[in-house]
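Student: next one to model:
(one chain, ligands or ions: 2)
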Amino acid sequence: MRDGIDIEFREVGMRDGLQNTKGFFPTEAKIAWMKAEVASGMPAIEICSFVPPKLIPQFKDAVEVVEATHATDTGDCIISALIPNMKGAERGVELGMKKLNFVASVSETHNLSNVRRKPEESVEDFRRIVEMRDALPDDKKFVIDGGMSTVFGCTLEGNVDPAAAVKLAQQFVEAGADHLTVCDTVGFANPKQVRDMFRLLQSELGPDVTMTAHFHDTRGLALANMEAALDVGIRSFDACLAGLGGCPWAPGASGNMVMEDGVFMAEAMGMRTGIDVDKLCSIREIIADNLPGEPLHGAIAKAGVPKGHSPASSFAAAAE
Ligand code: COA
Ligand code: ZN
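Tutor: Ligands and ions are numbered 1, 2, ... in the order given. From the prediction side, this is the model:
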């Protein structure tokens, strides 16, 4: 985690947020969004997916968007992209990505629907990607994140066995994952389940395995789930500006935890995010202008921060 923050948020709007929206979000608007997020202090951004453009045309401009991140002074903001397979990893290497987020689901039905493989076949792909990465010269190596979808339940299968989530996590770690992202892909989780699941993963995997929590607000529990994850020591969270998001291959999926609200909650509780919530809220305009008709979620953007709110982060150092 970057110095001077207590919680690391990752903006996943340019990936999770855009993969399920109608219409193409213009390349210049994606780049403007990325630059504005960096300027707000965002410590990490998932910028796009390396998936077949035929499957998700939204990411047909991945090369231009990634090149724009290289041409921008992104400081210590960690830029990453989602990959579903080896081809995605190869595209990432070609484009000089320093971090790639592999994805596989605990639920077999969702994995088959999402990436057309059984979970064990995805694990095999992951192993080969790590081998490929390890054989690269040092300046081409990338950090690899093992993303676990449907950990807390699946709209296709219903309940998901926590033991199956532990198994996938162990397989990722044994294969060489640098980090795990634990996803409530379809917003089934509740705070007790979140505490239990992370405690189970922590006890089975040991203290060296770091994890990000990825919540969707489908049933209104994303912030409660964030608080539950904080309670058991998780300090890294995915969220999305204006609560966009959802997996196109998970029926009933809807938006991610609202970034602005998560940042406000953390700052109000005395935890530094390094993110300026006012700057963050102003970025919603880019979304509104480029996604006409898309509902924008979030309480803080509508209500404003309470009178007397004093964020934990100090932004004086960033003043021009
Ligand atoms: N990027 C670009 N093109 C890719 C690719 C990638 N990561 N992976 C495969 N392709 C291309 C292949 O080269 C091939 O091209 P061709 O038809 O011109 O020969 C074509 O896509 C089919 O390849 P194949 O390996 O048979 O893939 P598939 O059709 O079985 O699809 C996935 C498998 C994993 C690529 C696809 O299901 C996928 O991208 N899923 C991700 C879905 C997603 O993003 N979900 C939301 C995020 S959780
Ligand atoms: Zn998601």
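Student: just the helices in this protein please.
Tutor: Per DSSP state H, the chain carries helices over the ranges 27-40, 62-70, 86-94, 108-115, 119-134, 162-175, 191-205, 222-231, 259-268, 277-282, 284-290, 300-303.
Student: for the last one, what is the average pLDDT?
Tutor: Read that as helix 300-303. Across helix 300-303, pLDDT averages out at 97.
Student: and what of the third one?
Tutor: The predicted model assigns helix 86-94 a mean pLDDT of 98.
Student: returning to that earlier point: need the helices of the chain in TSV (columns: distance to Lys141 and mean neighbour count).
Tutor: Glycine gets a C-beta too; all of them are placed from N, C-alpha and C. Listed next are the helices of the chain as TSV, based on distance: least, Cβ to Cβ, whole Å; neighbours: other Cβ atoms under 10 Å:
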stretch	distance to Lys141	mean neighbour count
helix 27-40	23	20
helix 62-70	17	18
helix 86-94	9	18
helix 108-115	24	20
helix 119-134	6	18
helix 162-175	16	18
helix 191-205	23	17
helix 222-231	29	21
helix 259-268	29	25
helix 277-282	32	20
helix 284-290	33	16
helix 300-303	38	16
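Student: same list (the ones you listed) but as CSV, adding distance to ligand 1.
Tutor: As requested, these are exported to CSV (distance: least, Cβ to the nearest ligand atom, whole Å):
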stretch, distance to ligand 1
helix 27-40, 16
helix 62-70, 9
helix 86-94, 3
helix 108-115, 4
helix 119-134, 9
helix 162-175, 14
helix 191-205, 19
helix 222-231, 17
helix 259-268, 18
helix 277-282, 24
helix 284-290, 19
helix 300-303, 26
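Student: looking at these, spot the one closest to Cys240.
Tutor: Nearest to Cys240, of all the helices of the chain, is helix 259-268, at 5.7 Å by Cβ to Cβ.
Student: for the nearest residue to Gly88 once chain neighbours are set aside, give me its contacts.
Tutor: Nearest non-adjacent residue to Gly88, counting by Cβ to Cβ, 6 or more residues apart in numbering: Phe50, 3.8 Å away. Neighbouring residues of Phe50 by Cβ atoms under 8 Å, 6 or more residues apart in numbering: Phe59, Ala62, Ala81, Leu82, Ile83, Pro84, Lys87, Gly88, Ala89, Arg91, Gly92, Leu100.
Student: ok, those residues vs His110, which is closest?
Tutor: Pro84 (12.6 Å).
Student: OK, contacts around the closest one?
Tutor: Ser49, Phe50, Val51, Phe102, Val103, Asn114, Val115.
Student: and for the third one, the neighbour number?
Tutor: Put plainly, it is Val51. 24 (other Cβ atoms under 10 Å).
Student: kindly report the same for the fourth one.
Tutor: For Phe102, the tally of surrounding residues (other Cβ under 10 Å) stands at 27.
Student: and the gap between it and ligand 1?
Tutor: 10 Å (Cβ to the nearest ligand atom, to the nearest Å).
Student: that residue touches Arg128, doesn't it?
Tutor: No - using Cβ atoms under 8 Å, Phe102 is not in contact with Arg128; the gap is 10.9 Å.
Student: before we move on, the earlier item: dump the contacts of Phe50 into a markdown table; add distance to Leu241 as well.
Tutor: Converted to a markdown table, those look like this (distance: Cβ to Cβ, whole Å):
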| residue | distance to Leu241 |
| --- | --- |
| Phe59 | 18 |
| Ala62 | 19 |
| Ala81 | 18 |
| Leu82 | 17 |
| Ile83 | 22 |
| Pro84 | 24 |
| Lys87 | 29 |
| Gly88 | 24 |
| Ala89 | 27 |
| Arg91 | 25 |
| Gly92 | 23 |
| Leu100 | 22 |
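Student: which non-adjacent residue is nearest the residue in the stretch 151-300 of the chain positioned nearest to ligand 1?
Tutor: Distances between the stretch 151-300 of the chain and ligand 1 by Cβ to the nearest ligand atom are smallest at Cys247, namely 4.8 Å. Leaving aside its sequence neighbours, Cys247 sits nearest to Ala253 (Cβ to Cβ, 6+ apart; 4.7 Å).
Student: need the contact list for that neighbour.
Tutor: Residues counted as contacts of Ala253 (Cβ under 8 Å, 6+ apart) are Asn20, Thr155, Thr185, Val186, Gly187, His216, Thr218, Gly245, Gly246, Cys247.
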